[in-house]
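J.: After the sequence you'll find the predicted model.
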Amino acid sequence: SSELTQGPDVSVGLGQTVTITCQGDSLRYNYASWYQQKPGQAPVLVIYGQNTRPSGIPDRFSGSDSGTTASLTITAAQAEDEAYYYCNCRDTSDTPHWAFGGGTKVTVL
Amino acid sequence: EVQLVESGGGLVQPGGSLRLSCAASGFTLGDFEMHWVRQAPGKGLEWISYISNTGYHISYSDSVRGRFTVSRDNANPSLYLHMTSLRAGDSALYYCARGYSSRTTGEFFFDVWGQGVLVTVSS
């Protein structure tokens, strides 16, 4: 199955740390990628692979994985980190399919 | 500047057809796989289609297979999505995205996104 399940919406205090999760069978074989989406904007890639940030993404964003669960951590969250975050992964079939998690809203208090 | 710009959206009646375009600039389209991702109003992201860099390999989500057709023209660097038998549930913002895949390392991601084009299916 290529389905991905994300955890509930979360709130984090300014400067505090928050971790959001993504579960799915495909994560046992492939890495998740993570996307940040702010209102009215296109998604932006923030983490891919084992724990790689594209150019321009602050180092307070980090990723990890264990078995069928991938996690995105924001350390010392800033007001501008308030957004929806989506995980994504490709399945292992020969005819490739990708799936997004349902999204997690991160609110910075 | 690496850029993707979608066009071709609009209002269409149920059962109608529409063709979306995605113009690529700032990079060599033929070096990259491409994807279409959509987002219904107030909802999450939904991957709907993939096309390999040469156009030889193609796949679709179950929700659009048999109704949507993806294609590309690397010489006139553009990606296309031909949508037929449109339903109200197809109403969404449609994004094109540049993809990267490595079955060796298990890394798969979309690193460049367009701003999206709105498709509304309604009578």
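T.: It's in.
J.: what distance separates stretch A:52-70 from the middle of the whole chain?
T.: 8 Å (Cα atoms, centre = their mean, to the nearest Å).
J.: Using CSV, list the CA coordinates for it.
T.: Extracted in CSV, the C-alpha atoms of stretch A:52-70 (Å, rounded to 0.1, in the frame of the first residue of the first chain):
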residue,chain,number,x,y,z
THR,A,52,18.7,16.6,3.4
ARG,A,53,17.6,20.2,3.2
PRO,A,54,17.4,22.0,-0.2
SER,A,55,19.4,25.2,-0.5
GLY,A,56,17.7,28.0,1.4
ILE,A,57,15.9,25.8,3.9
PRO,A,58,16.9,26.7,7.5
ASP,A,59,18.8,24.1,9.5
ARG,A,60,16.1,24.1,12.2
PHE,A,61,14.3,21.7,9.9
SER,A,62,15.4,18.1,10.1
GLY,A,63,14.1,14.7,9.2
SER,A,64,14.4,11.1,10.5
ASP,A,65,12.9,7.8,9.9
SER,A,66,12.4,4.5,11.7
GLY,A,67,10.7,1.5,10.1
THR,A,68,7.4,2.6,8.6
THR,A,69,7.5,6.1,10.3
ALA,A,70,9.1,9.3,9.1
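J.: How about that stretch and chain B, any contact?
T.: Yes - using Cβ under 8 Å from any Cβ of the partner chain, stretch A:52-70 reaches chain B at A:Thr52, A:Pro54. All C-beta spots, glycine's among them, are computed from the backbone N, C-alpha and C.
J.: What residues of stretch B:84-100 count as buried?
T.: Buried positions in stretch B:84-100, judged by neighbour count with 16 or more other Cβ atoms under 10 Å in any protein chain shown: B:Leu86, B:Asp90, B:Ser91, B:Ala92, B:Leu93, B:Tyr94, B:Tyr95, B:Cys96, B:Ala97, B:Arg98, B:Gly99, B:Tyr100.
J.: Please consider this matter closed, and thank you.
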